[in-house]
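Colleague: Sequence first, predicted coordinates after that:
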Amino acid sequence: MGNNKQLTSQSEDFSAWYNEVVLRAELADHSPVRGSMVIRPWGYGIWEHMQSALDTMFKETGHENAYFPLLIPMSFIEREKEHIEGFAPELAIVTRAGGKELEEPYVVRPTSETIIYSMYAKWVQSYRDLPVLLNQWANVMRWEMRTRLFLRTSEFLWQEGHTAHATAGEAEEETLLILKLYRKFMDEWLAMPPITGLKSDSEKFAGAVNSYSCEALMKDKKALQAGTSHFLGQNFSKQFELTFQSEAGTEEYAWNTSWGVSTRLIGGVVMTHGDDNGLVIPPRLAPTQVVIIPILAGEETSGVLEKADEVLGRLKKLGVRAKIDSRDNLSPGAKYFEWERKGVPFRVEIGPKDLQNEQLALVRRLTPEGENRKAFLPETEAITKLPEKLEYFQDDLLEAARTRRDDSTVRGVNSFGELKEAFDSGAGFVYTGWSGNPAVEDTVKEQLKATIRVLPGEEFLSESSPRKCVSGDTDSVTEVVWARAY
RNA sequence: CGGGGCGUGGCUCAGUCCGGUAGAGCGCUGCGUUCGGGUCGCAGAGGUCCCCGGUUCGAAUCCGGGCGCCCCGACCA
């Protein structure tokens, strides 16, 4: 890296490509704290668009934001047995504060179920207080052994929704509502179409009855768990005395759900759309959607800059996020490379020739099939068509990602040998039958490094369901989707 | 925690075997030039060679100890 102007190509070393592009597109940087990153403005800008889209969707479905503390009493975390077993190895614990040893250590939240449901217990008396539908935007900490920018860092940003309901049915409905919401968000905003479904027991959230997941396929054919929605049953409400008086007058434990997506999504977008020239940011997420490069040649400098300003104003009026790159110490070519690396969807060039001809040069980050990379369009046409061109670009990205996903999906695999063959020949998602026996998962994981990503939801099931478990030994009880995963 | 590698200007690294005044490219600053796909030229700034100790007239280089980081394997949004 460093003095190399070219990025390592994806085909040569996808993982090196990822690391380089994240750093050189200035999404994030390594911090002095082991395993923790700094999210730079370009990366944080993307996160802000994700946040605002999700936040709107949460509120449209009746949720409200709140904030709970960073530090959680150790005894809270320990109360739910599976929960503590799952998180114990990755807890950061505060034992000293104010110059002395604490009586009870605090855990830096790895997730907030315990402290949140302890508060709900205080607020809920009757079925009339239900449901409680809260979300918080927060940072969490999980001490990871191996970290990668965005994909796995010790501290990360996320949202965690936590709800309490009077009945199991309502809570299950909520879990699925959010799963659907996440899927819609990933389709429409990230152009990263996930498959969704239920997690197998070995992959479910520590403390949940069951977990649903959105699994997206990256360009290297590996799956990324992009969002999860958990049905918690009464596991936490029983530990935290989250009870209410039912309509019939009996005392009942509430039913909970929790769900979250994190800054990991940024890594997902990078690996879904990026290419050898750098990032490709879906227009709806792009902090800058259109960059205007003035060509400052000859005598026309001031005229060109004036025109650039005028174009900027007109684009902004149309709701396009545009900016001018007027730095005078870089050649236009250098700027092209830089903004392409950063993944800006469109570039407008304005030079002396264009002033004369009342035209603009328009370049799309990915040139559609059969089009010239650089199109010279009448000025007004170029400007007024940009909003819809941004939408087309967004749609094209989704379409391309969906095609990639489906093209690398293999269905109807009936045996361990076929499963291996599928992965050996570059499959992403592979559908097989499964007996439900965890030993099969262990074998596949050990030998093929693939895991069950989900028991696919209805809309992803194969047309005819498999008869045999992939192990070949027994009948299948459910179809499952295997992949190598991040 | 096992296996491998590396610590030298902001970045990537050469120099270490074989000790002798600390280098390159990129980046940065200034001036000029150029500007429609990574302009060019000139001038310049910038280094406790990871740390501590030893050997030596002399250590980035040799010896001993320590620290840190990266990569590969077992856990994970």
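Modeller: Sure thing, it's come through. This one's a predicted model, so the numbers in the text were calculated from it and none came from an experiment. Numbers count the residues shown, from 1 in each chain, chains lettered A, B, ... in the order given.

Colleague: so what's residue A:195 up against?
Modeller: Residue A:195 is in contact with A:214, A:215, A:405, A:429, A:453, A:454, A:456, A:457, A:460, A:481, counting by Cβ atoms under 8 Å, 6 or more residues apart in numbering. Just so you know, the C-beta spots here come from the backbone N, C-alpha and C atoms, and that holds for glycine as well.

Colleague: try residue A:182
Modeller: Contacts of residue A:182 (Cβ under 8 Å, 6+ apart): A:194, A:196, A:214, A:226, A:227, A:229, A:259, A:261.

Colleague: Kindly identify which of the residues you listed also come near RNA strand B.
Modeller: Filtering the contacts of residue A:182 for proximity to RNA strand B (criterion: Cβ under 7 Å from any atom of the strand) leaves A:226, A:227.

Colleague: now, which of the contacts of residue A:182 lie within strands?
Modeller: Using DSSP state E, the members of these that fall in strands are A:196, A:214, A:226, A:227, A:229, A:259, A:261.

Colleague: and which of those is nearest to residue A:9?
Modeller: Residue A:9 lies nearest to residue A:226 out of the ones in strands among the contacts of residue A:182, by Cβ to Cβ, at 24.9 Å.

Colleague: okay, now the closest one: neighbour count?
Modeller: 26 (other Cβ atoms under 10 Å).

Colleague: same check, this time on residue A:227
Modeller: 29.

Colleague: Equivalent analysis for residue A:355, please.
Modeller: 16.

Colleague: Next: residue A:371.
Modeller: Residues near residue A:371, counting by other Cβ under 10 Å, number 9.

Colleague: Next up, identify which helix or strand it is on.
Modeller: Per DSSP states H and E, residue A:371 falls between elements, in no helix or strand.

Colleague: Which residues are in contact with the spatially closest residue to it that is not a sequence neighbour?
Modeller: Leaving aside its sequence neighbours, residue A:371 sits nearest to residue A:364 (Cβ to Cβ, 6 or more residues apart in numbering; 7.9 Å). Contact partners of residue A:364, counting by Cβ under 8 Å, 6+ apart, are A:345, A:346, A:371, A:373, A:389, A:393.

Colleague: What's the PyMOL line that selects buried ones from those residues?
Modeller: Listed next is the PyMOL selection for buried residues among those, using 16 or more other Cβ atoms under 10 Å:
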select buried, chain A and resi 345+346+389+393
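
Colleague: restrict the contacts of residue A:364 to contacts with RNA strand B.
Modeller: Checking the contacts of residue A:364 against RNA strand B (Cβ under 7 Å from any atom of the strand), the matches are residue A:373.

Colleague: Closest to RNA strand B out of the contacts of residue A:364?
Modeller: residue A:373 (5.2 Å; Cβ to the nearest atom of the strand).

Colleague: Need the nearest residue in space to that closest one, chain neighbours excluded.
Modeller: Here the residue nearest residue A:373, using Cβ to Cβ, 6+ apart, is residue A:367, at 4.7 Å.

Colleague: So that neighbour, which state does it fall into?
Modeller: coil (DSSP: H, G, I helix; E, B strand; the rest coil).

Colleague: list the contacts for residue A:365?
Modeller: A:280, A:340, A:343, A:344, A:345, A:346, A:347, A:393.

Colleague: returning to that earlier point: so what sits opposite the residue nearest to residue A:371 in the bridge?
Modeller: residue A:346 (DSSP bridges).

Colleague: That one and RNA strand B: what is the separation?
Modeller: Distance from residue A:364 to RNA strand B, counting by Cβ to the nearest atom of the strand, to the nearest Å: 9 Å.

Colleague: if we can go back for a sec, pipe the ones in strands among the contacts of residue A:182 into JSON lines and attach pLDDT per row.
Modeller: Shown next, in JSON lines, are these (pLDDT from 0 to 100):
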{"residue": "A:196", "pLDDT": "97"}
{"residue": "A:214", "pLDDT": "97"}
{"residue": "A:226", "pLDDT": "95"}
{"residue": "A:227", "pLDDT": "96"}
{"residue": "A:229", "pLDDT": "97"}
{"residue": "A:259", "pLDDT": "98"}
{"residue": "A:261", "pLDDT": "96"}
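
Colleague: Flag every residue of the stretch 101-250 of chain A that's near RNA strand B.
Modeller: Close to RNA strand B, as judged by Cβ under 7 Å from any atom of the strand, the stretch 101-250 of chain A has residues A:142, A:144-148, A:151-154, A:156, A:158, A:203, A:205, A:213, A:225-228.

Colleague: Next step: these restricted to strands.
Modeller: A:156, A:158, A:213, A:225, A:226, A:227, A:228.

Colleague: Could you list the low-pLDDT ranges of chain A?
Modeller: The model of chain A has pLDDT under 70 over residues A:1-4.

Colleague: how does it divide into domains?
Modeller: A:14-273, A:290-389, A:408-483 (automatic domain parsing).

Colleague: Quick check: longest helix in chain A by residues?
Modeller: As assigned by DSSP state H, the longest helix anywhere in chain A is helix A:379-407.

Colleague: Mind listing the strands the following helix or strand past that helix pairs with, and their directions?
Modeller: On the C-terminal side of helix A:379-407, the closest following helix or strand by DSSP H and E is strand A:409-413. With DSSP bridges as the test, strand A:409-413 is paired with strand A:429-434 (parallel).

Colleague: now the angle from the strand it pairs with to helix A:379-407?
Modeller: 30 degrees (axes from the mean of the first three to the mean of the last three Cα atoms, to 10 degrees).

Colleague: Give me the contacts around strand A:429-434.
Modeller: Contacts of strand A:429-434 (Cβ under 8 Å, 6+ apart): A:195, A:215, A:217, A:223, A:405, A:408-414, A:419, A:422-423, A:440, A:450, A:452-453, A:455-456, A:462, A:465-470, A:475-483.

Colleague: again, but for stretch A:164-179
Modeller: By Cβ under 8 Å, 6+ apart, stretch A:164-179 touches A:61, A:117, A:120, A:124, A:127, A:130-133, A:161, A:163, A:196, A:212, A:214, A:227, A:229-233, A:237, A:242, A:244, A:246, A:252, A:254-257, A:259, A:457.

Colleague: Which of those fall in strands?
Modeller: Short answer: those in strands (DSSP E) are A:132-133, A:161, A:163, A:196, A:212, A:214, A:227, A:229-233, A:244, A:252, A:255-257, A:259.

Colleague: Please convert the buried members of those residues into PyMOL selection syntax.
Modeller: In PyMOL, this line selects whichever of those come out buried by 16+ other Cβ under 10 Å:
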select buried, chain A and resi 132+133+161+163+196+212+214+227+229+230+231+232+233+244+252+255+256+257+259
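
Colleague: Please confirm that residue A:427 is located within a strand.
Modeller: No. According to three-state DSSP, residue A:427 belongs to no strand; its state is coil.

Colleague: ok, residue A:120 - contacts?
Modeller: Contacts for residue A:120 (Cβ under 8 Å, 6+ apart) come out as A:132, A:162, A:164, A:240, A:242, A:254.

Colleague: residues of the helix or strand that contains residue A:83 that come out buried?
Modeller: In this assignment (DSSP H and E), residue A:83 forms part of helix A:81-87. Residues of helix A:81-87 classed as buried: A:83, A:84, A:86, A:87 (neighbour count, 16+ other Cβ under 10 Å).
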